[in-house]
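[1] here you go, sequence then predicted model.
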Amino acid sequence: MKAPPKTNDVPVIRPHQLKEADGFLFGFPSRFGVMAAQCKAFFDATYELWASQALAGKPAGIFWSTGFHGGGQELTALTAVTQLAHHGMLFVPLGYTFGSGMFEMNEVKGGSSYGAGTFAADGSRQPTDLELQQAFHQGKYVAEIAKKLKR
C-alpha cells in the first residue's frame, strides 16, 4: 500500500474526550465493507460512554475511504451507523444536500447520501476537488445541525 506515514501534527482523540463535543464526524478507511479494525477498536473503547449514555442525543455523521468502486462504501456506512445507534447518537446523513455535485457523472467520485467518501486505490489516489467540496459541505452541514440542537 502506498498510504503516507502518519504525521505527528495530527492530534489523537481519546474515547473519554468525546463527551466534550457537541457533535461528530467520524472518518475511517473501509476494509471489506466495514470500518478498519483500528476504528472499531476505538468504538469498542467507548464502553463507559455507552454505559452512561454520555453521547446520547448528539449528532454524528460519517465519511470514509475505500480502495475502489465496489469496495463497500455504502455497506461501510450501514455497518458504521450501528456504532452511533448503540450510543443513542443522532445519525446525520448527507442526504442530497450537496446538490448537483451528488449527481456528477463526469469523474470518479466517492460518497453517497450516507456521507462523503473517496477512492484511495492502492493509496496513491488523492481525493478530487469535488470529493473535497462534498466533505467540506458535510462538515458544515453537521456543524449547523449540532448548533441548532445545542440551543
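    Structure's in. What do you need?
[2] run the chain-centre distance for the longest helix seen in the chain.
    Ranked by residue count, the top helix of the chain under DSSP state H comes out as helix 129-150. Mean-position distance between helix 129-150 and its chain equals 11 Å (CA atoms, centre = their mean, to the nearest Å).
[3] which strands and helices sit next to it?
    Under the contact definition 3 or more CB pairs under 8 Å, 6 or more residues apart in numbering; DSSP states H and E, helix 129-150 sits against strand 24-31, strand 59-66. C-beta here means a position set from N, CA and C on the backbone, and glycine is covered the same way.
[4] which one of the ones you listed has the lowest average pLDDT?
    For the helices and strands packed on helix 129-150, mean pLDDT drops lowest on strand 24-31, to a mean of 92.
[5] what lies in contact with that one?
    With CB atoms under 8 Å, 6 or more residues apart in numbering as the test, strand 24-31 has contacts from 18, 35-37, 39, 58-67, 71-73, 76, 80, 83, 89, 120, 138-139, 142.
[6] and the pLDDT at residue 127?
    93.
[7] for it, what are phi and psi?
    phi -60, psi 140 (degrees, to the nearest 10).
[8] ditto for residue 113
    Torsion angles, degrees, to the nearest 10, at residue 113: phi -70, psi -20.
[9] ok, now how distant is the closest residue to it other than its chain neighbours from residue 83?
    Spatially, and ignoring its direct neighbours in sequence, residue 113 is nearest to residue 95 (5.3 Å; CB to CB, 6 or more residues apart in numbering). Using CB to CB, to the nearest Å, residue 95 is found at 20 Å from residue 83.
[10] residue 142 against residue 59, yeah?
    Yes. Using CB atoms under 8 Å, residue 142 is in contact with residue 59, at 6.1 Å.
[11] now for the two: what residues contact both?
    Counting by CB under 8 Å, 6+ apart, the residues touching both residue 142 and residue 59 are 23-24, 92.
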